[in-house]
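[1] from the sequence below, what's the structure:
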Amino acid sequence: MLTILRSIFRTGCKTETLAESTAIESGAQLLEAAIRKHFNSSLAIRQVDAGSCNGCELEIHAVNNCYYDLERFGCHFVASPRHADMLLVTGPVTRNMETALRMTYDAMPAPKLVVAVGDCAASCGVFGRDNYAIAGAVSDIIPVNITVHGCPPTPGDIIQGILQAVEG
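    I've put the predicted structure just below:
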């Protein structure tokens, strides 16, 4: 136990600085202003995994962690689509999730914003459209406002995509 503690004290803290922190901060400030203008200070987001590898979900969780902290700008994640203003969809839509995604979209109140997150949501990515288990990309199933490309996209890209969808 003591050898582990000595090793920790010798090594010290090995964190790296984030180069894009000022860009993210300025984008997040624009997002906060747009949310206050269009949604009266609060944007409720419902996230749906339509069949992804979970890489995009990890980045969405990072958007909500203490570093990026999307909630301080007026965005919060909700469990019910009936309370949601925006739908974040990740992954290609599998045949098992096709009906569930349509029902989630239909349960949302108008106006409905949909953001397809990741290359798989945009064009089925590495899973391919000709796969027997894939119904198609998100835009083949429900209307999409903004697509955030990347495999997986960075938290900064996701924040920018949410901002573009809100500004419309």
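[2] how near is Gly156 to Ala62?
    To Ala62, Gly156 is 10 Å away according to Cβ to Cβ, to the nearest Å. In this view, the C-beta of every residue, glycine as well, is placed from N, C-alpha and C.
[3] doesn't Leu87 make contact with Lys112?
    Yes: counting by Cβ atoms under 8 Å, Leu87 is a contact partner of Lys112 at 7.0 Å.
[4] shared neighbours of the two, anything?
    Each of Tyr105 lies in contact with both Lys112 and Leu87 under the rule Cβ atoms under 8 Å, 6 or more residues apart in numbering.
[5] out of these two, which sits in the busier spot?
    Of the pair Lys112 and Leu87, Leu87 is the one with more neighbours under other Cβ atoms under 10 Å, namely 25 against 17.
[6] tell me the secondary structure of the nearest residue to that one once chain neighbours are set aside, please.
    Nearest non-adjacent residue to Leu87, counting by Cβ to Cβ, 6 or more residues apart in numbering: Val114, 4.8 Å away. When classified by DSSP: H, G, I helix; E, B strand; the rest coil, Val114 comes out as strand.
[7] now do the contacts for Val114.
    Contacts of Val114 by Cβ under 8 Å, 6+ apart are 86-87, 89, 105, 138, 142-146, 165.
[8] ok so, going back, and Gly156 and Ala62? Which one has more around it.
    The neighbour count for Gly156 versus Ala62, taken as other Cβ under 10 Å, is higher for Gly156 (20 against 16).
[9] just the pLDDT for the more buried one.
    Here the pLDDT value assigned to Gly156 is 87.
[10] mind giving me the packing neighbours of whichever strand or helix holds Gly27?
    Here Gly27 is covered by helix 21-39, with elements defined by DSSP states H and E. Applying 3 or more Cβ pairs under 8 Å, 6 or more residues apart in numbering; DSSP states H and E, one finds that helix 21-39 contacts helix 155-167.
[11] list the contacts of the helix it packs on.
    By Cβ under 8 Å, 6+ apart, helix 155-167 touches 20, 23-24, 27-28, 30-31, 34-35, 38-39, 43, 45, 59-60, 62-63, 68, 70, 75, 86, 88, 113-115, 117, 145-150, 153.
[12] report the buried members of these.
    The neighbour count (16 or more other Cβ atoms under 10 Å) marks 24, 27-28, 30-31, 34-35, 39, 43, 45, 59-60, 62-63, 68, 70, 75, 86, 88, 113-115, 117, 145-148, 150, 153 as buried among the contacts of helix 155-167.
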